[in-house]
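**Q** can you look at this prediction? I've put the sequence above it.
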Amino acid sequence: MQNVTINPVIKNRYSPRAYDDKPLSKEVINSLFEAARWAASSRNSQPWRFIYATPDDAEQWDKLFDCLIPFNQDWVKTAPFLMMALVQKTDPERNTQRKNAAYDLGLAMGNFTAQAGHLGLYLRNMGGFSADKARENFNIPVIFEPVVMLAAGYLGDESKLDENLSVPKGQDRTRKYLDKLVFNGDWSELK
């Protein structure tokens, strides 16, 4: 079951830390968000929201950059695109928790990631950021939860990164085998 064929956009996805300085056009950025917009969501609620910046919008860029932990700040400054993804945790019409909101955001980010790969872009998702700082910098209402930040752009030369920032290309590409992830039967049968 290990030698199955999958879409090359999925198979070749890679999370670098080095980006070329080529900017992303407005059309490219819009196509990424359009792909995310078409993701499935529970009751078509589309609970995702995105805050983004490019380096030419220095004020917005600085506010997003400020949310990152220092390690991510060290390398993300070379990226031509920075984004935070959020979910709306509650349904305003029903005043109930949206238990599927994170799943829905994951579907939107999957579309975003596939579209990026299709366009020859590379993304690096980052959990290393301060949600409190994000709330402060962007006046985010309590019903929204910052979930992840990401950098995107065209692949740069990783050999120019400081040693502590580089990630060997093969290192990120390992995955658990399906027999460790998928089973058909009782939970105790999972290896």
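**A** Alright, I've got the coordinates. Numbering: from 1, shown residues only.
**Q** and Ser15, that one's in a helix?
**A** No. Under DSSP: H, G, I helix; E, B strand; the rest coil, Ser15 sits outside any helix and is assigned coil.
**Q** excluding its backbone neighbours, what's nearest it?
**A** Arg124 (4.3 Å; CB to CB, 6 or more residues apart in numbering). All C-beta atoms are positioned from the backbone trio N, CA, C, and that covers glycine.
**Q** what does stretch 72-80 contact?
**A** Contact partners of stretch 72-80, identified using CB atoms under 8 Å, 6 or more residues apart in numbering, comprise 17-24, 54-55, 65, 68, 82, 124, 126, 128-129, 149, 151-154, 156, 161-162, 165.
**Q** who does the residue nearest to Ser15 form a beta bridge with?
**A** Ala151 (DSSP bridges).
**Q** try the one 5 residues further on
**A** In this structure, Phe129 has the following beta-bridge partners (DSSP bridges): Leu68.
**Q** identify the residues contacting it.
**A** Cys67, Leu68, Ile69, Asn72, Met84, Pro146, Met149.
**Q** any idea of the pLDDT on it?
**A** The pLDDT attached to Phe129 in the predicted structure is 98.
**Q** hmm, back to that, need the contacts of Phe129 in JSON lines with pLDDT, can you?
**A** JSON lines is the format used below for the contacts of Phe129 (pLDDT from 0 to 100):
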{"residue": "Cys67", "pLDDT": "98"}
{"residue": "Leu68", "pLDDT": "98"}
{"residue": "Ile69", "pLDDT": "97"}
{"residue": "Asn72", "pLDDT": "93"}
{"residue": "Met84", "pLDDT": "98"}
{"residue": "Pro146", "pLDDT": "98"}
{"residue": "Met149", "pLDDT": "98"}
